[in-house]
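Peer 1: got a sequence here, can you build the structure:
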Amino acid sequence: MSVSISSNEIKVGNLRYFSDENLISIVDEKFTLESQDKKHFFAEDNRSFKILSSQPKILIKVHQNPLHNVINTYGTILNCLNIFENPLFIFNTYNLRPGYLNHNLIEFFYCFLKDNNINRMFLDPALHSQILIDNFYFAMQSDDQPVPNPINKINEKFLDYVDRDYEPFRKVYVSRKNIVPKTYEFEKKQDLLKDFKERLSDEYILEKYFQDKNFEIVYPENFNSFIEQINYFSEVKTLISLSGASAMNGIFMKPKTNILEISTELVTPHNSREHGGFIRAQHHFFHNISYERDIYFYSIKNDTKKSEDIINKIESNKFLKELVNE
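Peer 2: A predicted model of the protein is given here:
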């Protein structure tokens, strides 16, 4: 998202606020601010649309990645509800279509908005080339949120969808084996792309190891609904997973449970030409969730991306071996 104006800009928390009337272009999944001097084009375009009122309006990106979808999208919604009285949330329907977002996440998103009586509006980019809007706030990324890690807020709200209250008992390994690799427009750094797509070269071996330890092997994409997924992970006592989107499921776990992360360096898109479109990065979602939820957190370095090396690290560590065999 690019912001091309700075006039009359203030902040509430970390939300960027524009009090005057501005043009917003809708291109695919993006809301892009245009400068004031383009207003005269607005009257000439019959596909333009006005949203003008004193009501605070919040523009939020609905994230595709399951982890960012929960933490950034819902976290920002809940934070904004604590700041403003009855704001109008504006969503781009481009991000709410099958093929971009998992159908379970789409279904739950609409249910969540309805169940919580959230005032909302949906914009279809095929219908409007531009909109004129005032009194609006951008809240598109994690660092734009008033609270950087609204994990407990999300947990409290999502508990409304838990229909049973068992003591955690499940031992679970979350597998990425069946996930279809992402594709990006940047193809210059083939070595980095390969690293990103292959976080473990032989995950079936690790699955078999944990299965022999009475772990349930879970493929999150196979849940019938997101509510079913929430309920399932609320019963998990020990969660083991590679770094990545599965960290989101830790939000639904109860305090004093266990998370063992097979810590894997990720490769993520970056706009800088210097990095050829990608950078290596360490993500800390499991750590943040464990801190906020008072969950015991452990980590194993996955540097060779071979299951046998991970298994050897567990077997040679008395504490981790007891955790897995418990």
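
Peer 1: which stretches of the stretch 151-300 of the chain form strands?
Peer 2: Assigned by DSSP state E, counting those that start in this stretch, the stretch 151-300 of the chain shows strands spanning 170-174, 216-218, 236-242, 258-263, 266-269, 278-281, 296-301.

Peer 1: just send those strands back as JSON lines, with mean pLDDT, distance to residue 100 and mean neighbour count too.
Peer 2: Quick note: C-beta positions are derived from backbone N, CA and C, even for glycine. Listed next are these as JSON lines, based on pLDDT from 0 to 100; distance: least, CB to CB, whole Å; neighbours: other CB atoms under 10 Å:
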{"stretch": "strand 170-174", "mean pLDDT": "96", "distance to residue 100": "22", "mean neighbour count": "21"}
{"stretch": "strand 216-218", "mean pLDDT": "97", "distance to residue 100": "24", "mean neighbour count": "17"}
{"stretch": "strand 236-242", "mean pLDDT": "95", "distance to residue 100": "24", "mean neighbour count": "23"}
{"stretch": "strand 258-263", "mean pLDDT": "94", "distance to residue 100": "28", "mean neighbour count": "22"}
{"stretch": "strand 266-269", "mean pLDDT": "65", "distance to residue 100": "16", "mean neighbour count": "16"}
{"stretch": "strand 278-281", "mean pLDDT": "64", "distance to residue 100": "21", "mean neighbour count": "16"}
{"stretch": "strand 296-301", "mean pLDDT": "94", "distance to residue 100": "32", "mean neighbour count": "15"}
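
Peer 1: mind putting the ones you listed into CSV with distance to residue 161?
Peer 2: Putting the strands of the stretch 151-300 of the chain into CSV (distance: least, CB to CB, whole Å) gives the following:
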stretch, distance to residue 161
strand 170-174, 18
strand 216-218, 18
strand 236-242, 16
strand 258-263, 21
strand 266-269, 29
strand 278-281, 32
strand 296-301, 25
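
Peer 1: select, out of those, the one closest to residue 93.
Peer 2: Smallest distance to residue 93 across these (CB to CB): 23.3 Å, for strand 266-269.

Peer 1: tell me where the stretch 101-250 of the chain is predicted with low confidence.
Peer 2: Scanning the stretch 101-250 of the chain for pLDDT under 70 picks out the ranges 129, 139-149, 178-198.

Peer 1: all helices for it, in order.
Peer 2: Counting by DSSP state H, counting those that start in this stretch, the stretch 101-250 of the chain has helices at residues 103-115, 151-158, 190-197, 203-212, 226-233.

Peer 1: tell me the most buried of the ones you listed?
Peer 2: Comparing these by mean neighbour count (mean count of other CB atoms under 10 Å), helix 226-233 comes out on top with a mean of 20.

Peer 1: give me the contacts around that helix.
Peer 2: Helix 226-233 is contacted by residues 104-105, 107-108, 158, 161-164, 170, 172, 218, 220, 223, 239, 249-250, 252-253 when judged by CB atoms under 8 Å, 6 or more residues apart in numbering.

Peer 1: the same query, at a cut-off of 6 Å, please.
Peer 2: 104-105, 108, 158, 161-162, 223, 249, 252-253 (CB atoms under 6 Å, 6 or more residues apart in numbering).

Peer 1: now these in JSON lines, with distance to residue 308?
Peer 2: Output for the contacts of helix 226-233, formatted as JSON lines (distance: CB to CB, whole Å):
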{"residue": "104", "distance to residue 308": "34"}
{"residue": "105", "distance to residue 308": "35"}
{"residue": "108", "distance to residue 308": "38"}
{"residue": "158", "distance to residue 308": "37"}
{"residue": "161", "distance to residue 308": "39"}
{"residue": "162", "distance to residue 308": "38"}
{"residue": "223", "distance to residue 308": "30"}
{"residue": "249", "distance to residue 308": "26"}
{"residue": "252", "distance to residue 308": "31"}
{"residue": "253", "distance to residue 308": "28"}
